[in-house]
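# just the structure for this:
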Amino acid sequence: MVGRPGREALAYWLPKMAAEQSVHCFLVNAENTASGSGLNPQLYDKIMRYGAHLITMGDHIYRRKEILPVLERSERICRPANLPPESIGREMAIYRPPQGGPGVAVVSLLGRLYMKTMADCPFHAVRRVLDRIPPDIRLVIVDMHAEATSEKIAMGWYLDGQVTAVVGTHTHVATADERILPKGTAYITDLGMTGPYESILGRDVQRVLSVMTTAIPTEFEVAENDVKLCGATITADSETGSAVTIERMCLPVPAAALRSAGRNR
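Next up, the predicted model:
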């Protein structure tokens, strides 16, 4: 989710999907929420008010230092589990519906190929964390935040039959390889971007092109037009934790639902 356009897409679509499709749990990757990079407490609260239940981040998790107290206290947001043990935040986030029903856990991981991170091995880390998930939680989603498609696909096969879904984030470009793996884990290499599609990965086209053609640094402003919510809907067996279906989605946001141009991002 990128900037204010991404937040507006959530504000428009999450209540509609909750009402019309009876969605049990919304998971949101929010690492690009605050002006396109990081998250702050005010925007965390907004995302929750829009209807999100669980939040993952990525390599920009600590870009906004003011989010650190939220990472320390909230059970609804997690840091990548393969960051150093001293890192602030929980290694998993769990949602238990107040009205009853199956709980959902999410685990976040950082890839290491082509990524500037201090991350340890994601395969070893996810094994450690999965062993600590409460036994009553059968629905487990893993967000693999990585650049390399090979690393994401490898994680899908590594966890097939052990988690409900492995979904990829980070590249902002949705992939068309959604499927149920042989042992019952839903998989997609990248969920795509929720935000402005008249852009380069959510940023103003001319600003990005200027840097690419001149090598002169400039601020990358968040773009504004052609806003869409992208991701996937997953249905699963709450008794076994196995996925039943995964469906890629890309939903446009009506212009009337967006604020005027020139808004604070």
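
# ok, residues contacting the strand or helix carrying Gln206?
Using DSSP states H and E, the element containing Gln206 is helix 205-214. Applying CB atoms under 8 Å, 6 or more residues apart in numbering, the contact partners of helix 205-214 are Glu198, Ser199, Ile200, Ile216, Pro217, Thr218, Glu219, Phe220, Glu221, Ala223. All C-beta spots, glycine's among them, are computed from the backbone N, C-alpha and C.

# for these, which one is nearest Glu8?
Nearest to Glu8 among these is Ala223, at 12.8 Å by CB to CB.

# in the helix holding Gln206, what counts as buried?
Arg207, Val208 (16 or more other CB atoms under 10 Å).

# could you dump it to PDB, C-alpha only?
Provided in PDB are the C-alpha atoms of helix 205-214 (Å, rounded to 0.1, in the frame of the first residue of the first chain):
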ATOM      1  CA  VAL A 205       6.600   9.200 -13.300                       C
ATOM      2  CA  GLN A 206       8.500  12.400 -14.200                       C
ATOM      3  CA  ARG A 207      10.400  12.500 -11.000                       C
ATOM      4  CA  VAL A 208      11.600   8.900 -11.400                       C
ATOM      5  CA  LEU A 209      12.500   9.400 -15.100                       C
ATOM      6  CA  SER A 210      14.500  12.500 -14.300                       C
ATOM      7  CA  VAL A 211      16.700  10.600 -11.900                       C
ATOM      8  CA  MET A 212      17.100   7.600 -14.300                       C
ATOM      9  CA  THR A 213      18.000   9.900 -17.200                       C
ATOM     10  CA  THR A 214      20.200  12.500 -15.400                       C
END
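
# just the buried members of the contacts of helix 205-214?
Ser199, Phe220, Glu221, Ala223.

# what about Pro69, neighbour count?
11 (other CB atoms under 10 Å).

# now name the helix or strand holding it.
helix 68-73.

# average pLDDT across that helix?
Summarised as a single mean, pLDDT over helix 68-73 is 98.

# beyond it, next helix or strand please.
For helix 68-73, the following helix or strand on the C-terminal side (DSSP H and E) is strand 93-95.

# contacting residues around the following helix or strand past the helix holding Gln206?
Next along the chain after helix 205-214, taking DSSP H and E as the criterion, comes strand 227-236. If you take CB under 8 Å, 6+ apart as the criterion, strand 227-236 is touched by 5-6, 8-10, 12-13, 21, 23, 139, 141, 164-165, 167, 174, 178, 186, 188, 191-197, 242-253, 258.

# export strand 227-236 to PDB, keeping only CA atoms.
Provided in PDB are the C-alpha atoms of strand 227-236 (Å, rounded to 0.1, in the frame of the first residue of the first chain):
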ATOM      1  CA  VAL A 227      -5.800   4.300  -7.900                       C
ATOM      2  CA  LYS A 228      -6.500   0.600  -7.400                       C
ATOM      3  CA  LEU A 229      -6.600  -2.000  -4.600                       C
ATOM      4  CA  CYS A 230      -4.600  -5.100  -5.500                       C
ATOM      5  CA  GLY A 231      -4.000  -8.300  -3.600                       C
ATOM      6  CA  ALA A 232      -5.600 -11.700  -3.300                       C
ATOM      7  CA  THR A 233      -8.500 -13.300  -1.500                       C
ATOM      8  CA  ILE A 234      -7.900 -16.700   0.000                       C
ATOM      9  CA  THR A 235     -10.400 -19.200   1.300                       C
ATOM     10  CA  ALA A 236      -9.300 -21.900   3.700                       C
END
